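Chemist: pasting the structure only:
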């Protein structure tokens, strides 16, 4: 099955700085890569996703890049704000529905 | 439009008891997924169901665990004879279609086995 590795496990940034989270996947057949944000005790919520026919996607302060050759994808958050503090999960799907999640990155934005 | 609903939000069971977790998908969604999240870990896929059908249960333990999504009513994840290792957060998600369509998650059920 698919194996997704996520780094770093924790990330502390100063408010206004950028945060970058990187994920690698094992199966070259994976073709859908969503990112979820989970606040403490809350449900995971989709913040951005990318499909394998696209190399980059941006939505305001959030962007995701995908390198199919290297089998890795990254989340970039610019101009971080305190409300960006949460756990972020990357995921990959090769079966059109089964999401394989990374272990998560705890992001703390320092005021 | 209400989101994915799960109940109960918290469930405490003693070893050997049964746990029943319920999930109502978003309106218009006929695809349901169950995931398990252990403390400080990512979500692990358990099972994918459509109305009255189990499509993929490859992530579900072979024994004690079962899932259903009847024609009427919520999807049910049932854990028989619970053990301490079953303690986790169980999340349900739903989507409109099953083809890499956005999965919307419910608030989860936190199961504690004493």
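Modeler: Arrived safely. Please read these numbers as outputs of a predicted model, since none were measured by experiment.
Chemist: distance between the ends of stretch A:31-47?
Modeler: The straight-line separation of the ends of stretch A:31-47 (C-alpha to C-alpha, to the nearest Å) is 17 Å.
Chemist: Whichever residue of chain A sits closest to chain B - how many residues pack around it?
Modeler: Chain B sits closest to residue A:101 of chain A, with a gap of 3.6 Å, by C-beta to the nearest C-beta. The way it works is simple: take the backbone N, C-alpha and C, and place the C-beta from them, glycine included. Residue A:101: 23 surrounding residues under other C-beta atoms under 10 Å in any protein chain shown.
Chemist: Now do the strands for chain B: every range, in order, please.
Modeler: B:5-7, B:10-13, B:19-24, B:31-37, B:43-50, B:53-56, B:65-68, B:75-79, B:88-95, B:104-105, B:109-113 (DSSP state E).
Chemist: Dump these to CSV, plus distance to chain A.
Modeler: CSV is the format used below for these (distance: least, C-beta to the nearest C-beta, whole Å):
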stretch, distance to chain A
strand B:5-7, 9
strand B:10-13, 11
strand B:19-24, 12
strand B:31-37, 7
strand B:43-50, 5
strand B:53-56, 6
strand B:65-68, 14
strand B:75-79, 15
strand B:88-95, 7
strand B:104-105, 4
strand B:109-113, 9
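Chemist: Which one, of those strands, ends up nearest to residue A:79?
Modeler: Taking C-beta to C-beta, strand B:104-105 is the member of the strands of chain B nearest to residue A:79, at 26.6 Å.
Chemist: Run the chain-centre distance for the closest one.
Modeler: From the chain centre to the centre of strand B:104-105 is a distance of 11 Å (C-alpha atoms, centre = their mean, to the nearest Å).
Chemist: likewise stretch A:75-93?
Modeler: That offset, for stretch A:75-93, works out to 6 Å (C-alpha atoms, centre = their mean).
Chemist: Just send the strands of chain B back as CSV, with mean pLDDT and mean neighbour count too.
Modeler: Listed next are the strands of chain B as CSV, based on pLDDT from 0 to 100; neighbours: other C-beta atoms under 10 Å in any protein chain shown:
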stretch, mean pLDDT, mean neighbour count
strand B:5-7, 96, 17
strand B:10-13, 98, 15
strand B:19-24, 98, 20
strand B:31-37, 95, 24
strand B:43-50, 94, 22
strand B:53-56, 94, 14
strand B:65-68, 97, 18
strand B:75-79, 98, 20
strand B:88-95, 95, 24
strand B:104-105, 93, 20
strand B:109-113, 97, 18
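Chemist: Now the ones you listed in CSV, please, with extra columns for distance to residue A:86.
Modeler: Formatted as CSV, the strands of chain B follow (distance: least, C-beta to C-beta, whole Å):
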stretch, distance to residue A:86
strand B:5-7, 20
strand B:10-13, 21
strand B:19-24, 23
strand B:31-37, 14
strand B:43-50, 15
strand B:53-56, 29
strand B:65-68, 29
strand B:75-79, 26
strand B:88-95, 16
strand B:104-105, 14
strand B:109-113, 18
